[in-house]
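S.K.: quick check, what structure comes out for this input:
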Amino acid sequence: MIEVLFLSLALAMDAFAVAIGLGSKEDEKHLLTLAIKAGLWFGIFQGVMPLIGYLAGHGLLGWVEAYASWIAFALLLLIGGKMIFESFGEGVEEEITQTSHKVMLMLAIATSIDAMAAGFTLTLLEVDAWLACLIIGVTTFVMSWAGVYVGKRSGTWLESKAELFGGVVLILIGFKMLLF
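M.R.: Just a heads-up that it's a prediction; the model follows:
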């Protein structure tokens, strides 16, 4: 279960980073609305996407069982590497002027695609996938909510550090799955 907690924190870092960027540009009177919107959009998508990945991985597990830990390692290495790479660039939220539901949908999809791939790794853990996805979704909701307020208070300086941290944690989880 500890792996699920680390996985949920690592996956939430993408949404947390985007929420920081969004919060840094929002005025004080709309902050609560943005925090709720970000928490719900990112939390729901981050909770559902790993379930899709788990179900797809569960169906394929019989075919790739001998290589499953290597596949999980490669997926987490790629996702973590992508997050680390993105931590050195500008965030997409820099170009956003209005946080409509359409914009939030696009951001939720963009931040949760990685979670679908990471959901495959749930097939290798001895956990209830539904509970794991709920934990991932709730963690992302809380981190996104907090990210909006952190962004408002501190600006964007923490944004890239959150993505970097999440990427490193995912790579470490990948190594753990490969070696143990």
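S.K.: now residue 127. Its backbone dihedrals?
M.R.: phi -140, psi 160 (degrees, to the nearest 10).
S.K.: per-residue pLDDT, it?
M.R.: The per-residue pLDDT reported for residue 127 equals 87.
S.K.: can you check the one 4 residues further on too?
M.R.: We have a pLDDT of 95 for residue 131.
S.K.: over to residue 94?
M.R.: 54.
S.K.: what do you get for the one 10 residues further on?
M.R.: As predicted, residue 104 sits at a pLDDT of 90.
S.K.: the nearest residue to it once chain neighbours are set aside - how many residues pack around it?
M.R.: What sits nearest to residue 104 in space, not counting adjacent residues and going by Cβ to Cβ, 6 or more residues apart in numbering, is residue 41, at 4.3 Å. Quick note: C-beta positions are derived from backbone N, CA and C, even for glycine. Using other Cβ atoms under 10 Å, residue 41 is surrounded by 26 other residues.
S.K.: now for residue 59, how many residues are close by?
M.R.: So residue 59, with other Cβ under 10 Å, has 10 neighbours.
S.K.: quick one: it from residue 46, how far?
M.R.: 22 Å (Cβ to Cβ, to the nearest Å).
S.K.: what do you get for residue 180?
M.R.: Separation of residue 180 from residue 46 (Cβ to Cβ): 25 Å.
S.K.: these two: which is more packed in?
M.R.: residue 46 (30 against 6).
S.K.: what residues are up against that one?
M.R.: Residues near residue 46 by Cβ atoms under 8 Å, 6 or more residues apart in numbering: 11, 12, 15, 108, 111, 112, 115, 136, 137, 139, 140.
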